[in-house]
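Enquirer: build me a model:
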Amino acid sequence: MPSAWVIERTTQKGKRRHVVRFRVGGRESRMQHWGSYRRKREADAARDYVAGELAHGRVPERRLVAEMQVPTFTEAARSWQSSRVDVAENTRLQHRSAVRAMLPALGSKRIDQISIADVTELVRELSKTRKRETVRKSLLALAMVFDHASVSPNVARDKAIKLPREVRPEIVPPTADAVEAVARLLPRRYVLPLLLLDATGARVGELAALTWADVDEQRGRWRVSAAASKTRTARWVSVPPLLFEAVTELVPREDRVPERKVFQGFGVDRFRTAIRRACVAAGVPVFSPHDLRHRRVTLLHLSGTPWSRIGEAVGQRNLAVTANTYSHVLADETELDYAELLSRVAA
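Expert: Below is the predicted model:
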């Protein structure tokens, strides 16, 4: 009668191995080799599988077992995510979001059976509710899952996969008059941050993360740390003397704890909302804190500053994209009267 068993062998190097063998019939049938395992429990599991196949009248095939061992996309994606110990928390969250978006379409498919057509359909579905850049990040995450699972060829990198066409929004930096009108209507605690963003072109997140340890009072500048920078590269930001003095007056020198935020209780979302409300109240086109960065870049460009210097000043990594984006932007060349606007904060 059919049977399966485990025998123990010792290799030439003295290592113990557990070998699974079986017969599809009685003693008259040929003894067949199934596999060799280092651990006894693995050999026992293989023997039980073989015995189960024989009990159902089937000849066990290793090809079928190999197919059963290929993970689904869900399993492969989880394995890839747990392996990414090298990424920051924000990147980890972005990966999790990208995988979650792909699970409805690919979750139950075996990772080696996902085709170019499947990926194309995935891109089409994601494009219905997501922007092009979000779809691109999901596609990049998919490609990394394939790489982690050693799937070749990597269909997510195939040139046949096309991202949706997207018209980039036109950049229209706010005028000096609009920024001034908003500054006059903002709550006082937001006026100085508004003027600093206008003067430096810094990102609002960099301003929110600024601590007193980053402030160089002797040289009138502050440091954007690598952790706070979008490009993960630290840089120094020069601040107009008048505005820098206003920053140093926020807290007495003896009370400046290095780890303390310069702008205590500064909420980025609340800041955006306050600007939006002030724009509506002033009757000027609505702009965001990031639009002040656009304004500073265009002012630097119109003043004849080389793109390399502009990139250093505002922390822009891809200078080619910066130059192509801002070269044709229409903006006025008017600087704000910071002294007059700061007087409102001091009043």
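
Enquirer: what is the burial count for the closest residue to G26 other than its chain neighbours?
Expert: Distance criterion Cβ to Cβ, 6 or more residues apart in numbering; nearest residue to G26, sequence neighbours excluded, is M1 at 5.9 Å. For every residue, glycine as well, the C-beta is placed using N, CA and C. M1 has 9 neighbouring residues, counting by other Cβ atoms under 10 Å.

Enquirer: buried sites along stretch 212-220?
Expert: W212, D214, V215, G220 (16 or more other Cβ atoms under 10 Å).

Enquirer: just to revisit the earlier point, tell me how far the residue nearest to G26 lies from A55.
Expert: 10 Å (Cβ to Cβ, to the nearest Å).

Enquirer: let me see the contact set for the residue nearest to E312 when sequence neighbours are not counted.
Expert: Leaving out its chain neighbours, the residue that sits closest to E312 by Cβ to Cβ, 6+ apart is R235, at 6.9 Å. By Cβ atoms under 8 Å, 6 or more residues apart in numbering, the contact list for R235 reads R223, V224, S229, E312, G315.

Enquirer: S29 sits in which helix or strand?
Expert: Counting by DSSP states H and E, no helix or strand carries S29.

Enquirer: my guess is it meets R21, correct?
Expert: No. Between S29 and R21 there is no contact under Cβ atoms under 8 Å: 11.8 Å.

Enquirer: could you dump stretch 304-316 to PDB, C-alpha only?
Expert: The C-alpha trace of stretch 304-316 is given here as PDB (Å, rounded to 0.1, in the frame of the first residue of the first chain):
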ATOM      1  CA  GLY A 304      19.100  87.900 -11.900                       C
ATOM      2  CA  THR A 305      20.100  85.300  -9.200                       C
ATOM      3  CA  PRO A 306      21.600  82.100 -10.800                       C
ATOM      4  CA  TRP A 307      19.400  79.000 -10.500                       C
ATOM      5  CA  SER A 308      22.200  77.300  -8.500                       C
ATOM      6  CA  ARG A 309      22.100  80.000  -5.900                       C
ATOM      7  CA  ILE A 310      18.300  79.900  -5.900                       C
ATOM      8  CA  GLY A 311      18.400  76.200  -5.300                       C
ATOM      9  CA  GLU A 312      20.800  76.600  -2.400                       C
ATOM     10  CA  ALA A 313      18.700  79.400  -0.800                       C
ATOM     11  CA  VAL A 314      15.400  77.600  -0.900                       C
ATOM     12  CA  GLY A 315      16.500  74.000  -0.700                       C
ATOM     13  CA  GLN A 316      15.500  72.900  -4.100                       C
END
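
Enquirer: run the chain-centre distance for that stretch.
Expert: 24 Å (Cα atoms, centre = their mean, to the nearest Å).

Enquirer: cool, and stretch 202-219?
Expert: For stretch 202-219, the distance to the chain centre is 23 Å (Cα atoms, centre = their mean).

Enquirer: start to end distance for it?
Expert: End-to-end span of stretch 202-219 (Cα to Cα, to the nearest Å): 18 Å.

Enquirer: do stretch 97-115 as well
Expert: Stretch 97-115: ends 22 Å apart by Cα to Cα.

Enquirer: ok, now stretch 232-249?
Expert: 29 Å.

Enquirer: buried set for it?
Expert: Neighbour count says stretch 232-249 has R235, V237, V239, P240, L243, F244, A246, V247 buried, by 16+ other Cβ under 10 Å.

Enquirer: now do stretch 1-9
Expert: Counting neighbours by 16+ other Cβ under 10 Å, the buried set in stretch 1-9 is P2, S3, A4.

Enquirer: pretty sure the first one contacts A55?
Expert: Put plainly, it is P2. Yes. Under the criterion of Cβ under 8 Å, P2 makes contact with A55 at 7.5 Å.

Enquirer: of the buried residues of stretch 1-9, closest to T10?
Expert: Nearest to T10 among the buried residues of stretch 1-9 is A4, at 21.5 Å by Cβ to Cβ.

Enquirer: doesn't A43 make contact with the closest one?
Expert: No. A4 is beyond contact range of A43, at 10.5 Å (criterion: Cβ under 8 Å).

Enquirer: shared neighbours of these two, anything?
Expert: Contacts common to A4 and A43, judged by Cβ under 8 Å, 6+ apart, are V20.

Enquirer: low-confidence ranges in the stretch 1-150 of the chain?
Expert: Scanning the stretch 1-150 of the chain for pLDDT under 70 picks out the ranges 62-69.
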